[in-house]
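Student: take this sequence and fold it.
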Amino acid sequence: IVTLVELGEYGCTDTASSLVNVFPKPEASFLASQDSSCTYPVLVDFINTSTGAQAYNWNLGNGQTSASTHESANYAGPGAYIIELIASNQYGCSDTTTYTFNVYQSPTAFFDFGPYQGCAPLTIQFDNLSLLGTNFYWDFGDGTFSNEQEPVHIYSTSGLFSPSLIVTGVGGCTDTL
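Tutor: Modelled structure (predicted):
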C-alpha cells in the first residue's frame, strides 16, 4: 500500500492510498544430458528445471526453436551451440538462462618413424604427423612411454615392437594409432 499525505495551505491534510501488486518472477534453468561431445552428429536432451513458470521458449542454437517443456536437439558438426530458455509465468514475468554446448572436432593420430630396422641398440626418431592434437602419449611397445610430441627412442634389446600413439585434442577428444 502506498500512502500519500499532503498538507494544504491552511494545515489541512488529505490522504490517498493505492495498492502496488508485485508479481513473482520465475527462475529459468535446465540440465543437458551431456556437457560436450567429441562425436557428431549428437543428440542432446534438455531437462527443464525451471520454477514458477508455465510457458517456455527454447532457442536450441542450431536454428530450431520450441515451446515445449523439455526438449532434444541434434548438433550436426563441430561448434559452440548457445542454448537459450525463456521461462514465463501467468503474470507476464520472465527469466532467461543460456548454456553453451560444445561439439569438439576429434584429433587424428598419425606418425612415421625411421629407421624401420637395425641392430640393437637402435635409435628411432618418431615424427608426429597428427592433426588437432594438444597432448601426446607414446607407447613404444617395449614397456616404455613418452609424452613428448616427437620423441627419439632407443630400443636396447632385440625383438619386434609395435609402437602406438594416443593423441588428445580440445575437449578431451582422443584418437589412437
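Student: which stretches of this protein have low pLDDT?
Tutor: Applying pLDDT under 70 to the chain flags the ranges 1-8, 11.
Student: can you do 80?
Tutor: Low-confidence segments of the chain (pLDDT under 80): 1-16.
Student: in it, which spans are helices?
Tutor: Using DSSP state H, no helices are assigned anywhere in the chain.
Student: and residue 36, how many neighbours?
Tutor: Using other C-beta atoms under 10 Å, residue 36 is surrounded by 17 other residues. Just so you know, the C-beta spots here come from the backbone N, C-alpha and C atoms, and that holds for glycine as well.
Student: and if you look at residue 92?
Tutor: Residue 92 has 7 nearby residues by other C-beta under 10 Å.
Student: so who does it touch?
Tutor: Taking C-beta atoms under 8 Å, 6 or more residues apart in numbering, we find residue 92 in contact with residue 23.
Student: these two touch, right, residue 57 and residue 65?
Tutor: Yes - with contact defined as C-beta atoms under 8 Å, residue 57 reaches residue 65; the gap is 7.0 Å.
Student: more neighbours, the two?
Tutor: residue 57 (16 against 11).
Student: grab the nearest non-local neighbour of that one.
Tutor: residue 86 (4.4 Å; C-beta to C-beta, 6 or more residues apart in numbering).
Student: contacting residues around the one you found?
Tutor: Here residue 86 is in contact with 28, 56, 57, 94, 95, 96 (C-beta under 8 Å, 6+ apart).
Student: and those residues, which are buried?
Tutor: Neighbour-count burial (16 or more other C-beta atoms under 10 Å) is assigned, among the contacts of residue 86, to 28, 56, 57, 94, 95.
Student: inside strands: which ones of those residues?
Tutor: 56, 57, 94, 95 (DSSP state E).
Student: got a markdown table for those, with distance to residue 132 too?
Tutor: Formatted as a markdown table, those follow (distance: C-beta to C-beta, whole Å):
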| residue | distance to residue 132 |
| --- | --- |
| 56 | 37 |
| 57 | 36 |
| 94 | 40 |
| 95 | 38 |
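Student: just those residues now: which is nearest residue 80?
Tutor: residue 57 (20.9 Å; C-beta to C-beta).
Student: residue 143 versus the residue nearest to residue 57, what's the distance?
Tutor: 58 Å (C-beta to C-beta, to the nearest Å).
Student: tell me the contacts of residue 83?
Tutor: 30, 32, 46, 58, 59, 60, 61, 73, 98, 99, 100, 101.
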